[in-house]
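>>> pasting a predicted model and its sequence here:
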Amino acid sequence: MYQRRTLVASSVGLHARPAGLVAKAAAGQQAKVRIAKITAGVAGDPVDAASVLGLMTLGAGFGDEVELTAEGDHAQASVDALAELIARDLDA
């Protein structure tokens, strides 16, 4: 399993448009990516990163830390692609 943490850079967090962009990118990855919000250093319950509704239920706001995980041959590339996307301001 490969995992990576990153900070949410969008001012509205993983809500609405940013959630849609992340979900679309996740659906296009070769590995299934799960994402969880980090609270007090501990990852919460992960959701499917390809689900807009799942992303919105995380409640991840601007500056919050999230952890992405995936398994399999393409796990690192898939997780890294999404982590880099989340670390950008998707509101612009």
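Thanks, I have it.

>>> any idea of the pLDDT on the residue positioned nearest the centre of the chain?
Nearest residue to the geometric centre of the chain (Cα atoms, centre = their mean): I35, 4.9 Å. Predicted confidence (pLDDT) for I35: 98.

>>> now do A92
69.

>>> what secondary structure does the residue of the chain positioned farthest from its centre sit in?
Largest separation from the mean C-alpha position in the chain: D73, at 19.1 Å (Cα atoms, centre = their mean). The three-state label given to D73 by DSSP: H, G, I helix; E, B strand; the rest coil is coil.

>>> check contacts around it.
Listed by Cβ atoms under 8 Å, 6 or more residues apart in numbering, the contact set of D73 reads Q30, A31. (Each C-beta comes from the backbone N, C-alpha and C, glycine too.)

>>> what about the strands in this structure?
Taking DSSP state E to define them, one finds strands in the chain at 2-7, 34-39, 42-43, 47-48, 65-70.

>>> and the closest residue to the residue nearest to the centre of the chain other than its chain neighbours, how many neighbours?
Leaving aside its chain neighbours, I35 sits nearest to A49 (4.5 Å; criterion: Cβ to Cβ, 6 or more residues apart in numbering). By the measure other Cβ atoms under 10 Å, the count of residues near A49 is 30.

>>> many thanks, I have nothing further to ask.
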